[in-house]
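> got a predicted structure plus its sequence, pasted below:
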Amino acid sequence: MIWFGPAGNSDSFYEQGHAHSWEMPQWLRDMGLNAYEYQCTKSVNIKPETAGEIGEKARECNVRLSVHAPYYINLSSTEREKRDNSVRYILDTLRIARTMGASRIIVHPGYVSGTSRSTAVELALATLKESIDKAEEQGLSDITLCPEVLGKNNQLGRLEEVMELCGLDKRLIPCLDFAHLHSLTQGGMNTEEDFEKVFETVGKNLGKDRLKNVHIHFSRVEYGKGGEKKHWSYSDTEYGPDFDPLARVILKLGLEPVIICESRGTMAEDALTLKNIFFREAAELAKKSRPEARSQ
């Protein structure tokens, strides 16, 4: 299985007269998509009744749900109060994910400010461990936490840092944001080899099972010296990365990820574009693997 869907609601969803997120699963299914990442990036303020309705519609439409936790989570803050709040925000997101029937939440690790990167990692590890322990106490540990690779130099969330965070517990799965990786590497995600190296790092650190089920964010991105600046639509081809080589690597490695498109305003339409690219590449691979093709 492979899942494709948007992060949040496309502009066209509202332009077509829709107003409620519980309408999204049906809308996505009608487009040919099967995943939806609900955005709690500004706060976890969705009513439980609404979350339940989204979950019910998603089950009816066979749409896989995930939830993005608030952006202002900072596991590595040097201020104890902010770390305590971050634990609370994670638990709030887990509870709403449970109500919604979402299987994963995506978490931004935080920032490197007023301390070294190594100290920031140590703080983040302790805060994440506290979050995991409290989730266990509250019966929420069956929902997967996905620390995300971030795209700015002053953020905690480089690939190796996310590997260290995920090493805390076998239930943690990384969110590989390839726009962020493209930004951090100053445009370095271009070839199949570039993408394969990322997956090799995940497999080496976390094992084959978690590699197979990684969570992926994808969009084109504008970046500067400090890293990520702005997400763009897939049609904005002056920006990278391209999805084609990533699709080929996913097929080559036999992965079954959730792929969430974070394009600017056209996330659902672009998720469908990514899906079409993937299955086009799958068809090409199948064609090449036929005996008659190999004999030529």
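That came through fine.
> CA atoms for contacts and neighbours, from now on please.
Fine.
> can you give me the helices for the stretch 51-200 of the chain?
80-100, 117-137, 159-166, 178-184, 192-206 (DSSP state H, counting those that start in this stretch).
> pLDDT value on residue 295, please?
At residue 295, the model reports a pLDDT of 49.
> with residue 1 instead?
88.
> do residue 288 as well
86.
> how many neighbouring residues does it have?
Per other Cα atoms under 10 Å, the neighbour tally for residue 288 reads 14.
> from residue 191, how far out is it?
Distance of residue 288 to residue 191, given as Cα to Cα, to the nearest Å: 20 Å.
> ok, residue 101 next?
Noted for residue 101: a distance of 36 Å to residue 191, by Cα to Cα.
> ok so, going back, what's the most buried one of the helices of the stretch 51-200 of the chain?
Of all those, helix 178-184 carries the top mean neighbour count, a mean of 27, counting by mean count of other Cα atoms under 10 Å.
> that one: how far from the chain's middle?
Its chain's C-alpha centre and that of helix 178-184 lie 13 Å apart, by Cα atoms, centre = their mean, to the nearest Å.
> returning to what we had before: between residue 101 and residue 191, who's got more neighbours?
More crowded of residue 101 and residue 191, by other Cα under 10 Å: residue 101, with 21 against 15.
> would you agree the more buried one is in contact with residue 65?
Yes. In this structure residue 101 lies within contact range of residue 65 using Cα atoms under 8 Å: 7.0 Å.
> hey, which helix is longest across the protein?
helix 267-289 (DSSP state H).
> buried ones in stretch 231-249?
Residues 231-234, 239-249 are the ones in stretch 231-249 that count as buried (16 or more other Cα atoms under 10 Å).
> extract the CA atoms of it and return them as PDB.
Taking Å, rounded to 0.1, in the frame of the first residue of the first chain, the C-alpha atoms of stretch 231-249 are listed here in PDB:
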ATOM      1  CA  HIS A 231       6.800  26.300  -0.400                       C
ATOM      2  CA  TRP A 232       5.500  26.400  -4.000                       C
ATOM      3  CA  SER A 233       3.200  24.400  -6.200                       C
ATOM      4  CA  TYR A 234       4.500  21.500  -8.200                       C
ATOM      5  CA  SER A 235       3.900  23.500 -11.400                       C
ATOM      6  CA  ASP A 236       6.500  26.000 -10.300                       C
ATOM      7  CA  THR A 237       9.300  24.100 -12.000                       C
ATOM      8  CA  GLU A 238      11.900  26.700 -11.300                       C
ATOM      9  CA  TYR A 239      12.100  25.200  -7.900                       C
ATOM     10  CA  GLY A 240      13.000  21.700  -6.800                       C
ATOM     11  CA  PRO A 241      12.900  19.000  -6.000                       C
ATOM     12  CA  ASP A 242      11.300  16.800  -8.700                       C
ATOM     13  CA  PHE A 243       9.300  13.800  -7.500                       C
ATOM     14  CA  ASP A 244      10.200  11.400 -10.400                       C
ATOM     15  CA  PRO A 245      13.600  10.200  -8.900                       C
ATOM     16  CA  LEU A 246      12.000   9.800  -5.500                       C
ATOM     17  CA  ALA A 247       9.200   7.700  -6.900                       C
ATOM     18  CA  ARG A 248      11.700   5.400  -8.600                       C
ATOM     19  CA  VAL A 249      13.600   4.900  -5.400                       C
END
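> what does that stretch rub up against?
Defining contact as Cα atoms under 8 Å, 6 or more residues apart in numbering, one finds that stretch 231-249 is touched by 178-179, 182, 187, 189-192, 195-196, 219-222, 262-267, 270, 274, 277-278, 281-282.
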